[in-house]
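Student: structure of the sequence below:
(one chain, ligands or ions: 2)
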Amino acid sequence: MNYIKRIEEEVKNNYPNEPEYVQAVLSFLESIEGLNLDLEQLEKMAVLERLIIPERVISFRVSWLDDQNQVRVNTGYRIQHSSLIGPYKGGLRYHKTVNLSTLKFLAFEQTFKNALTGLLLGGAKGGSDFDPKGKSDAEIMRFSQNFMLELYRHIGENTDVPAGDIGVGRREIGYLYGMYKKIRNESVGVLTGKHPAYGGSLVRTEATGYGLVYFVKEMLKTYLDTDISHKDVIISGSGNVALYAGYKAKELGANVIAMSNSKGHIYDPNGIDLDYIKEHQPKGDFREAYVKAHEGSSYSSDPKELYHIKCDIALPCAIQNELDLNEAKILVDNGCFLVAEGANMPTTSKAKAYLLKKGILFGPGKAANAGGVSVSLLEMSQNKQHYMQTFDDVDEKLESIMKNIFNQAYEQAILINEPNNLVKGANIRAFYRLCEAMLSQGVI
Ligand SMILES: NC(=O)C1=CN([C@@H]2O[C@H](COP(=O)(O)OP(=O)(O)OC[C@H]3O[C@@H](n4cnc5c(N)ncnc54)[C@H](O)[C@@H]3O)[C@@H](O)[C@H]2O)C=CC1
Ligand SMILES: O=C(O)CCC(=O)C(=O)O
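Tutor: Residues are numbered from 1 along each chain as shown. Ligands and ions are numbered 1, 2, ... in the order given. Next comes the predicted model:
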């Protein structure tokens, strides 16, 4: 059995309770299977094991007081996956589904994503099974403060710089930052996604969604010599990534006709009213009220039905494994020709294989959604230099980084004679960079 196959078997056998992590690793291993690699040498250096197993897994108890003075307990995590290319970097997620498997897959993906950006960033992810739904602002503050009471020991501006993810936005980053500063008595860029009033970068809020659309722009130009204007776009989710993908797509002339949340989706043939969603989404489920306020719109109570709507472009921007084989088939049957992932691993392995087989242009998350972490790096640089760039400067840099990421994945896809396969292109290009960094740094 060759080295790659052996590692595939080991990963499947060693982590039976971590399906998302196994899924992400196998998807990467599949991408490098056909390469002309010196497997004997890679095996001798245990390169794959060292890329796959996180450098450090931290897990801790978070106790906090709810509004009824009841003590509540959650589990907090930080997976410091790789520091090969820079300080550990990646978001924090507050969501009831958070567990070791979710965060290990996210940290693994983040490591490859960050390598692909060409910037000096290692990979990490963290968070908690704390469910922010229905919690008061004070509860979110107390939870975040208690979370930081443990996390602060493991992070630092040159060590590990967390940011937001699902359930963690500017408000939560503020509470986390305030507590870190209180404990360490220092003002440094230890978190990104901060409010610009105390060191946040302009465009960080918009960056992942905008970056996704810049990536799609490159895909459309390169493969089809067209642009996004007049294309019908559906977007899953209605949070940070989904909203700003929607705004940028609309600005460039697309028709954003449907969006979703965890309860279902809304369809509005007149174009989704993004300002309405931005205002109402943080307060909870907006579907019924939206439909009442917008003539001609309708809603369903199944988020997956979003993918049953006829569209040109689908942008999954919600959560892992939301787009499965059945939905992929419906998208293809309805004439959708481009899928680009704003979320991390939103497409199941079977759905991804089907879309690629059918010749659908597919932008993998570790390339297409790298705009957020890229602007985080710009935030870190601004903090170190104690200055702030204008919105337009950062936005211009973001677009140029996204173009470069696309080109990296595309050039690699051409080199392996599969020009449409950005999944392999992105995985292989990131793998080469990580390998070079690993082999240069000795056995550590
Ligand atoms: N925030 C960032 O900068 C980045 C986020 N991502 C990824 O993008 C995705 C979304 O993250 P954010 O927008 O930051 O989170 P968010 O918390 O702002 O929004 C999440 C959205 O997903 C919706 N949702 C949850 N489960 C759903 C389901 N099963 N079907 C449909 N909608 C569902 C929620 O209702 C909410 O609208 C995640 O996969 C995250 O890892 C990726 C790169 C960077
Ligand atoms: O900005 C960051 O550090 C992380 C963003 C993130 O969590 C992601 O790219 O999935």
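Student: alpha carbons of the helix or strand containing Asn114, as PDB, please.
Tutor: Counting by DSSP states H and E, the element that carries Asn114 is helix 100-116. As requested, C-alpha coordinates have been extracted for helix 100-116 and formatted as PDB (Å, rounded to 0.1, in the frame of the first residue of the first chain):
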ATOM      1  CA  LEU A 100     -13.700  18.400  18.300                       C
ATOM      2  CA  SER A 101     -14.500  17.000  14.900                       C
ATOM      3  CA  THR A 102     -15.900  20.300  13.600                       C
ATOM      4  CA  LEU A 103     -13.100  22.400  14.900                       C
ATOM      5  CA  LYS A 104     -10.400  20.000  13.800                       C
ATOM      6  CA  PHE A 105     -11.800  20.100  10.200                       C
ATOM      7  CA  LEU A 106     -12.000  23.800  10.300                       C
ATOM      8  CA  ALA A 107      -8.400  24.200  11.600                       C
ATOM      9  CA  PHE A 108      -7.200  21.800   8.900                       C
ATOM     10  CA  GLU A 109      -9.000  23.700   6.200                       C
ATOM     11  CA  GLN A 110      -7.800  27.000   7.600                       C
ATOM     12  CA  THR A 111      -4.100  25.900   7.400                       C
ATOM     13  CA  PHE A 112      -4.400  25.200   3.700                       C
ATOM     14  CA  LYS A 113      -6.500  28.300   3.000                       C
ATOM     15  CA  ASN A 114      -4.000  30.500   4.800                       C
ATOM     16  CA  ALA A 115      -1.100  28.900   2.900                       C
ATOM     17  CA  LEU A 116      -2.800  29.600  -0.400                       C
END
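Student: stretch 331-345 near ligand 2 anywhere?
Tutor: Yes. Contact between stretch 331-345 and ligand 2, assessed by Cβ under 6 Å from any ligand atom, occurs at Asn344. In short, each C-beta sits where N, CA and C put it, glycine included.
Student: where does the stretch 201-350 of the chain get nearest to ligand 1, which residue?
Tutor: Gly239 (1.8 Å; Cβ to the nearest ligand atom).
Student: just checking, that residue touches Gly164?
Tutor: No. Gly239 lies out of contact with Gly164 (Cβ atoms under 8 Å); the separation is 10.1 Å.
Student: quick one: which of the two has more around it?
Tutor: Counted by other Cβ atoms under 10 Å, Gly239 and Gly164 do not tie: Gly164 has more neighbours, with 27 against 22.
Student: how much space between the residue of the stretch 201-350 of the chain closest to ligand 1 and Ala254?
Tutor: Gly239 is 19 Å from Ala254, where distance means Cβ to Cβ, to the nearest Å.
Student: returning to what we had before: list the contacts for the residue of the stretch 201-350 of the chain closest to ligand 1?
Tutor: Gly239 makes contacts with 166, 281, 317-318, as judged by Cβ atoms under 8 Å, 6 or more residues apart in numbering.
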